[in-house]
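Colleague: The following block contains a protein sequence and its predicted model.
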Amino acid sequence: SQTIHQWPATLVQPVGSPLSLECTVEGTSNPNLYWYRQAAGRGLQLLFYSVGIGQISSEVPQNLSASRPQDRQFILSSKKLLLSDSGFYLCAWSTFSGNTIYFGEGSWLTVV
Amino acid sequence: KNEVEQSPQNLTAQEGEFITINCSYSVGISALHWLQQHPGGGIVSLFMLSSGKKKHGRLIATINIQEKHSSLHITASHPRDSAVYICAVSPNFGNEKLTFGTGTRLTIIP
């Protein structure tokens, strides 16, 4: 069966520090991968989308970047975190047929 | 105006009541998702609809493409149904670049 893992689950980082959130998918190949963010009191927003290795689409300008070094690995990064980067980050995947979308457990980021 | 609007924003009901959450959207879509988010933050996909109606246990989801409207119903509601329910739409089939509603916070009182 397919599973998706995301880590770390929670982290507190100082302003200006780097960030790396990792997401891996098991049990499927060539998934579409997504990073979403939910800021406090706001709805989910798509940050990045990938249809294949090395193929990243950015949906909103921001202080973050994403990479897909392997088919089932999706990494969200920042070189220098801002206070506004705080929020709940969700990795997700879907197949090209688009039957449904599966979400990771999420990562709570607090920038202090 | 948001592309996806949900109502109500908050809903409190007694256990056993029939629950309806509404979603309206203003863009063309290929599919609409109903998601459930529990207090810990994790999100589970409940339904993906492109037409008609789907049922899973006590949950029923309907969509009217012409009216750009969808509803999520919960029959015989239970405290464990308490969660945030989120409507999201995708523009292209097979590409789940979702646009989300802001969610409906449902609380079921025993």
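Modeller: Yep, that arrived.
Colleague: okay, and for chain B, where does confidence drop off?
Modeller: In the predicted model, chain B carries pLDDT under 70 at residues B:1, B:93-95.
Colleague: Ignoring the adjacent residues along the chain, who's closest to residue 80?
Modeller: By default, I'm working from chain A. In this structure, A:K80 finds its nearest non-sequential neighbour in A:G16, 5.0 Å apart by Cβ to Cβ, 6 or more residues apart in numbering or on different chains. Where you see a C-beta, it was placed from the backbone N, CA and C, and this is true even at glycine.
Colleague: oops, chain B please
Modeller: In space, B:R80 is closest to B:I108, 7.9 Å off (Cβ to Cβ, 6+ apart).
Colleague: so which strand or helix has the one you found?
Modeller: If you go by DSSP states H and E, B:I108 is part of strand B:104-109.
Colleague: Now do that strand: everything it contacts.
Modeller: With contact meaning Cβ atoms under 8 Å, 6 or more residues apart in numbering or on different chains, strand B:104-109 is reached by B:6-15, B:17, B:19, B:21, B:74, B:77-86.
Colleague: hang on, the earlier thing: ok, the residue nearest to A:K80 to B:P8 distance?
Modeller: As judged by Cβ to Cβ, to the nearest Å, A:G16 and B:P8 stand 41 Å apart.
Colleague: which SS class is the residue most central in space within chain A?
Modeller: Closest residue to the average C-alpha location of chain A: A:W35 at 3.2 Å, with Cα atoms, centre = their mean. Under DSSP: H, G, I helix; E, B strand; the rest coil, A:W35 falls in the strand class.
Colleague: That one bridge partners, please.
Modeller: Under DSSP bridges, the beta-bridge partners of A:W35 are A:F48, A:C91.
Colleague: Touching, it and A:F74? I think so.
Modeller: Yes - if you go by Cβ atoms under 8 Å, A:W35 and A:F74 touch, sitting 6.8 Å apart.
Colleague: Overlap of the contact sets of the two?
Modeller: Joint contacts of A:W35 and A:F74 (Cβ under 8 Å, 6+ apart) are A:23, A:48, A:66, A:91.
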